[in-house]
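1. missing the sequence, but the structure's below:
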């Protein structure tokens, strides 16, 4: 136990809460930690709560009663979300991203941990009050996004592999059809990676027709697990809505057109703000 | 501009600093942000600095002068590092991790974002004062660790792929020999992913003889880039030191022996505390 002044206590509590999103922390934890009365702790929390809400950092939920405590729910304010998504769209529209075949180079953006963490916070905001047991993604490029989301929601990440690895133990494999190319692929998940009846949030970096994500949904069925939601960083708007295998998802940006000849890329907001 | 009381300001500044590790923030940024005098801001920072140091959260570096400001350097205290590494060793020793062939199932641990982030903080502590331009890892299992380290050091992550992907543009491929199995593999890196002369911190989840990491070192040479350091979560102690391709690295845990028959795993500290 350490006696701290209010000012020092506020700094420490802020840090403690921020590093434990979606954890229920009993008030007694703080009271014991700082050798302070619960009433002082409540006052501190009121100050923190106000700043967190005013600054669009998140909510501080207080649960009364013996099993009560306080929970920090990361939530990006609408204004900040808009700034972030606008920046993302702008970066995605840089013409030097166009690769042969009309593909888009995104690895530089996916390689920025701060950007991935912010995108993860947006998904954590969108799915803050959904009942979820874990995050799922398939290797490779969606991984940082899945972990960023998992960190903010305090949930584990389940990683689907393309091949069965010796370090995964026994695994379940399925074949799936990639929607846009109609080509056949395999994905595989370790038997011990996912508990039965889990409610799973699927996260990926890019969705065209949705074949890969549909593959994950099919894989979930093998584990008697269900989809709690789908979040993608970028969706392709070049797919007709009725061609899309999946209708219910959250996207941050929509890639409208890639004009390789004219060197123009058109990117608009995803459906994040419509949800 | 918003006028905030000292208490609210401390909460906001703490949050602002924590979410921007290794960023130099001019005092004027805070002064303007809160409509406060620089002297008040300096007092606030002194309070935050003391708490960060006492609690093993990190350092607050103050740089004087016109180009000056404050920089939060995440640093895990020795005590917390010990607690973390002890817990990691204990978890790794659980006998039900043994897979056929004496492999170790680690995906559940690698799937915990909070654990990966803490490990990333340890690497950020070990390499806090090394001149580094980016983090590099090879898919797949080292990715969350690389991003966690990159987030704490404010550095981008460069991802080496096993195969050349159409979404990566032109790429450089090399062949390398996996040290422990003497089998030949390929790794490939997009040409635009890495600038020439970059100083690179290599991060991975597991190292046996070090063949994969040596592969990355060889790949760096193709980009005229150099190794600034190597960090691995777990190293295998079953390799004789002279067989190891790599001598200079930081490891958090050492896998001593896996006794598949007796169902016993022995794990000790890595060399983290010797560095």
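-> Cool, the structure landed. Predicted model only: the values in this text are computed from it and were never measured. Residues are numbered from 1 along each chain as shown, chains lettered A, B, ... in the order given.

2. Compute the distance between the nearest residue to residue A:71 once chain neighbours are set aside and chain B, please.
-> The shortest distance from residue A:71 to any residue that is not its chain neighbour, by Cβ to Cβ, 6 or more residues apart in numbering or on different chains, is 4.5 Å, and that residue is residue A:61. Just so you know, the C-beta spots here come from the backbone N, C-alpha and C atoms, and that holds for glycine as well. According to Cβ to the nearest Cβ, to the nearest Å, residue A:61 and chain B sit 17 Å apart.

3. What residues does residue A:61 make contact with?
-> A:70, A:71, A:72, A:73 (Cβ atoms under 8 Å, 6 or more residues apart in numbering or on different chains).

4. Which helix or strand contains it?
-> Assigned by DSSP states H and E, residue A:61 belongs to strand A:58-63.

5. what lines up beside that strand in the sheet?
-> Pairing partners of strand A:58-63, with direction, according to DSSP bridges: strand A:69-74 (antiparallel).

6. Tell me which residues of the strand it pairs with come out buried.
-> Neighbour counts over strand A:69-74 (16 or more other Cβ atoms under 10 Å in any protein chain shown) mark A:69, A:70, A:71, A:72, A:73, A:74 as buried.

7. what's the answer for stretch A:81-93, then?
-> Applying a neighbour-count criterion of 16+ other Cβ under 10 Å, one finds A:81, A:84, A:85, A:88, A:89, A:91, A:92, A:93 buried in stretch A:81-93.

8. my read: the first one touches residue A:269, true?
-> Right, residue A:81. No: using Cβ atoms under 8 Å, residue A:81 and residue A:269 do not qualify as a contacting pair, with a distance of 10.0 Å.

9. Sketch out the low-pLDDT regions of chain A for me.
-> Within chain A, the stretches with pLDDT under 70 are A:1-2, A:179-180.

10. Helices of that one, start to end?
-> Listed in chain order, the helices found in chain A under DSSP state H are A:6-18, A:27-34, A:38-54, A:78-92, A:107-110, A:113-126, A:143-153, A:211-222.

11. Just put the ones you listed in a markdown table and tack on distance to chain B.
-> As requested, the helices of chain A are arranged in a markdown table below (distance: least, Cβ to the nearest Cβ, whole Å):
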| stretch | distance to chain B |
| --- | --- |
| helix A:6-18 | 4 |
| helix A:27-34 | 10 |
| helix A:38-54 | 4 |
| helix A:78-92 | 12 |
| helix A:107-110 | 6 |
| helix A:113-126 | 4 |
| helix A:143-153 | 4 |
| helix A:211-222 | 13 |
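
12. Tell me which of these sits nearest to residue B:238.
-> With respect to residue B:238, and counting by Cβ to Cβ, the nearest of these is helix A:143-153 at 28.3 Å.

13. Across the sheet, point out what pairs with the closest residue to residue A:248 other than its chain neighbours.
-> Of all residues beyond its chain neighbours, the one nearest residue A:248 is residue A:230 (6.7 Å), with distances taken as Cβ to Cβ, 6+ apart. Counting by DSSP bridges, residue A:230 is bridged to residue A:202.

14. Equivalent analysis for the one 4 residues further on, please.
-> Beta-bridge partners recorded for residue A:234 (DSSP bridges): residue A:206, residue A:253.

15. how deep is it tucked in, by neighbour count?
-> As a burial measure, residue A:234 scores 23 neighbours (other Cβ atoms under 10 Å in any protein chain shown).

16. Could you pull up the contacting residues of the residue nearest the centre of chain A?
-> For chain A, the residue whose C-alpha lies nearest the mean C-alpha position (Cα atoms, centre = their mean) is residue A:149; its distance is 2.8 Å. The neighbourhood of residue A:149, defined by Cβ under 8 Å, 6+ apart, consists of A:120, A:123, A:124, A:127, A:135, A:155, A:201, A:203, A:231.

17. Quick one: residues contacting the last one.
-> Right, the one you point to is residue A:231. A:123, A:126, A:127, A:145, A:149, A:201, A:202, A:203, A:204, A:249, A:250, A:251.

18. Likewise for the fourth one?
-> Contact criterion Cβ under 8 Å, 6+ apart gives A:149, A:153, A:201, A:228, A:229, A:231, A:250 as the residues in contact with residue A:127.

19. repeat for the first one
-> Shown in contact with residue A:120 (Cβ under 8 Å, 6+ apart): A:145, A:147, A:148, A:149, A:150, A:151, A:152.

20. Chain B contacts on the stretch 151-275 of chain A?
-> Of all the residues in the stretch 151-275 of chain A, those in contact range of chain B (Cβ under 8 Å from any Cβ of the partner chain) are A:151, A:154-159, A:161, A:166-169, A:190, A:192-193.

21. domains for chain A, by residue range?
-> Per the record's domain assignment (automatic domain parsing), chain A is made up of the domains A:6-74, A:78-274.

22. Packed most tightly, which of these would that be?
-> With neighbours defined as mean count of other Cβ atoms under 10 Å in any protein chain shown, the domains of chain A peak in mean count at domain A:78-274, which reaches a mean of 19.

23. what distance separates the start and the end of it?
-> 12 Å (Cα to Cα, to the nearest Å).

24. Now do the contacts for the residue lying closest to residue A:80 once chain neighbours are set aside.
-> In space, not counting the residues next to it along the chain, residue A:80 is nearest to residue A:56; the distance is 5.0 Å by Cβ to Cβ, 6+ apart. With Cβ under 8 Å, 6+ apart as the criterion, the residues that contact residue A:56 are A:75, A:76, A:77, A:78, A:79, A:80.

25. From chain B, how far off is residue A:56?
-> Shown here: residue A:56 relative to chain B, a distance of 11 Å by Cβ to the nearest Cβ.

26. swap in residue A:111?
-> Applying Cβ to the nearest Cβ to residue A:111 and chain B gives a distance of 5 Å.

27. ok, that residue touching residue B:151?
-> No: in this structure, residue A:111 sits apart from residue B:151 without contact. The criterion is Cβ under 8 Å, and the distance is 11.6 Å.

28. if we can go back for a sec, out of the domains of chain A, which is closest to residue B:9?
-> Ranked by Cβ to Cβ, the member of those that lies closest to residue B:9 is domain A:6-74, at 8.6 Å.

29. Show the end-to-end separation of the closest one, please.
-> 24 Å.

30. How far does that domain sit from its chain's centre?
-> For domain A:6-74, the gap between its own C-alpha mean and the chain's C-alpha mean amounts to 24 Å (Cα atoms, centre = their mean, to the nearest Å).

31. all strands of the stretch 151-275 of chain A, in order?
-> Assignment of strands within the stretch 151-275 of chain A using DSSP state E, counting those that start in this stretch yields the ranges A:157-160, A:171-178, A:183-190, A:199-207, A:226-236, A:250-259, A:264-269.

32. Helix A:143-153 and the longest one, what's the angle between them?
-> What it means is strand A:226-236. Following axes from the mean of the first three to the mean of the last three Cα atoms, to 10 degrees, one obtains 130 degrees for the angle between strand A:226-236 and helix A:143-153.

33. Provide a list of residues in contact with residue A:145.
-> A:110, A:116, A:119, A:120, A:123, A:137, A:203, A:204, A:205, A:231, A:233.
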